[in-house]
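> Predicted model follows, preceded by the sequence.
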Amino acid sequence: MPSVRPQISSDNGLGRAAKPRVAGRSEPAAELSQLGRAARLLEEAQRSVERAATEADRRNHELSGRIHDLEANLSEMEQLLVRTEGQAAQLANLYVATYQLHASLEIDDVRAAIADIAVNLLGAERFAILFKHENGGLLPVQAATHDATAHGDSAAEPAAPAPYGGGDAVIDACLQDCCPQFGPRDGSDVLVAVPFVRQGDVVGLLLVHGFLGHKPGLTADDHELLDLMAAHAASALVAAQAFQISQRKLSAYQGLLGFLRGGPS
């Protein structure tokens, strides 16, 4: 009886033949894992970049605000410096004007100081200066009109200046109110009339008929200068007139004393 060898079935008990394992089968899974980690790292990097960009925008906005504030402060400081320089210049002008008016007790020097202030500080090109005469009338000084290019020298020498008799609207209002008046008005070509008032009495007038070409009009500093002239020019004139009268009396007394000492010839 022939022997029967058991046949080894290729079926592994599951009805299927066992398949041999192929080397390197886990590499795709490893690559997918690495790609996933790379994707997560990329996402984190993107979020970090976004956070950095947001922080940079915030800081840039903050710096822009600070720069704007600094520029505003700088502009304010520049304006303050300009105002301070202007005030210093105005104070210097007022000091110069006051000093010029009270620097001498000679009437001619006071008149020259008023003319110099009118030209150099007020910017007047054509103006007239009237002073109260001993008889009570307002007489023009040397000439009714002064030219700035001549620094107050007379443009014409009148033979006998007539006192002001009234009729000019600006001058009449100035004499009545004892304060600066401004024109022109109907019946007057005077642009500015400044009275020199001493204890309610007008002892002189400055009449501006025209300003220099570069000066369009009066400023706040000019009004302050006009107020100073209205007060200090009057006191300077009164002091000069009193000194002139005292000098005349002194000369008369000295002449009389010399005559008495000389005795009869």
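Thanks, I have the structure now. Residues are numbered from 1 along each chain as shown.

> For His232, which non-adjacent residue is spatially closest?
Computed as CB to CB, 6 or more residues apart in numbering, the closest residue to His232 that is not its neighbour in sequence is Leu101, at 4.8 Å. C-betas here are computed from N, CA, C, even on glycine.

> wait, what's in contact with that neighbour?
Val110, Ala113, Ile114, Ile117, Met229, His232, Ala233, Ala236 (CB atoms under 8 Å, 6 or more residues apart in numbering).

> switch the cut-off to 6 Å
The contact partners of Leu101, by CB atoms under 6 Å, 6 or more residues apart in numbering, come to Ala113, His232, Ala233, Ala236.

> Just the element for the last one, please.
Read it as Ala236. Using DSSP states H and E, Ala236 falls within helix 220-262.

> Do a quick rundown of the strands in the stretch 51-200 of the chain.
Using DSSP state E, counting those that start in this stretch, the strands of the stretch 51-200 of the chain run over residues 124-132, 138-140, 146-147, 181-182, 192-198.

> List the contacts of stretch 207-227.
With CB under 6 Å, 6+ apart, stretch 207-227 has contacts from 90, 121, 123-128, 180, 190-194.

> mind listing what's buried in that stretch?
In terms of neighbour count (16 or more other CB atoms under 10 Å), stretch 207-227 has its buried residues at Leu207, Val208, His209, Gly210, Phe211, Leu218, Asp221, Asp222, Leu225, Leu226.

> List the strands paired with the helix or strand hosting the fourth one, with their directions.
What that stands for is Gly210. Assigned by DSSP H and E, Gly210 belongs to strand 201-211. Sheet pairing of strand 201-211 (DSSP bridges) gives strand 124-132 (antiparallel), strand 192-198 (antiparallel).

> Pick the most deeply packed of those.
strand 192-198 (a mean of 24; mean count of other CB atoms under 10 Å).

> That one vs helix 220-262, what angle?
40 degrees (axes from the mean of the first three to the mean of the last three CA atoms, to 10 degrees).

> could you give the angle of whichever strand or helix holds Ala30 to helix 220-262?
Using DSSP H and E, Ala30 falls within helix 27-102. Angle of helix 27-102 versus helix 220-262, following the same axes, to 10 degrees, is 20 degrees.

> Tell me which of the strands of the stretch 51-200 of the chain sits nearest to Leu260.
strand 124-132 (35.2 Å; CB to CB).

> Put the alpha carbons of that closest one into PDB.
What follows is strand 124-132 as a C-alpha-only set of coordinates in PDB (Å, rounded to 0.1, in the frame of the first residue of the first chain):
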ATOM      1  CA  ALA A 124       5.300 156.800   8.900                       C
ATOM      2  CA  GLU A 125       6.400 158.200   5.600                       C
ATOM      3  CA  ARG A 126       4.500 161.500   5.600                       C
ATOM      4  CA  PHE A 127       3.500 163.100   8.900                       C
ATOM      5  CA  ALA A 128       3.100 166.400  10.600                       C
ATOM      6  CA  ILE A 129       4.000 167.500  14.200                       C
ATOM      7  CA  LEU A 130       2.100 170.200  15.900                       C
ATOM      8  CA  PHE A 131       2.900 171.700  19.200                       C
ATOM      9  CA  LYS A 132       1.000 174.000  21.500                       C
END
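
> Report the mean confidence score over that strand.
Strand 124-132 comes out with an average pLDDT of 88.

> Switch the contacts of Leu101 over to a markdown table; also include pLDDT, neighbour count and distance to Arg47.
Converted to a markdown table, the contacts of Leu101 look like this (pLDDT from 0 to 100; neighbours: other CB atoms under 10 Å; distance: CB to CB, whole Å):
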| residue | pLDDT | neighbour count | distance to Arg47 |
| --- | --- | --- | --- |
| Ala113 | 89 | 24 | 82 |
| His232 | 87 | 21 | 79 |
| Ala233 | 87 | 31 | 82 |
| Ala236 | 87 | 28 | 84 |
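
> between the residues you listed, which is closest to Val96?
Ala113 (9.9 Å).

> Pull the contacting residues for that closest one.
Per CB under 6 Å, 6+ apart, neighbours of Ala113: Gln100, Leu101.

> can you do 10 Å?
Residues counted as contacts of Ala113 (CB atoms under 10 Å, 6 or more residues apart in numbering) are 96-104, 152, 229, 232-233, 236.
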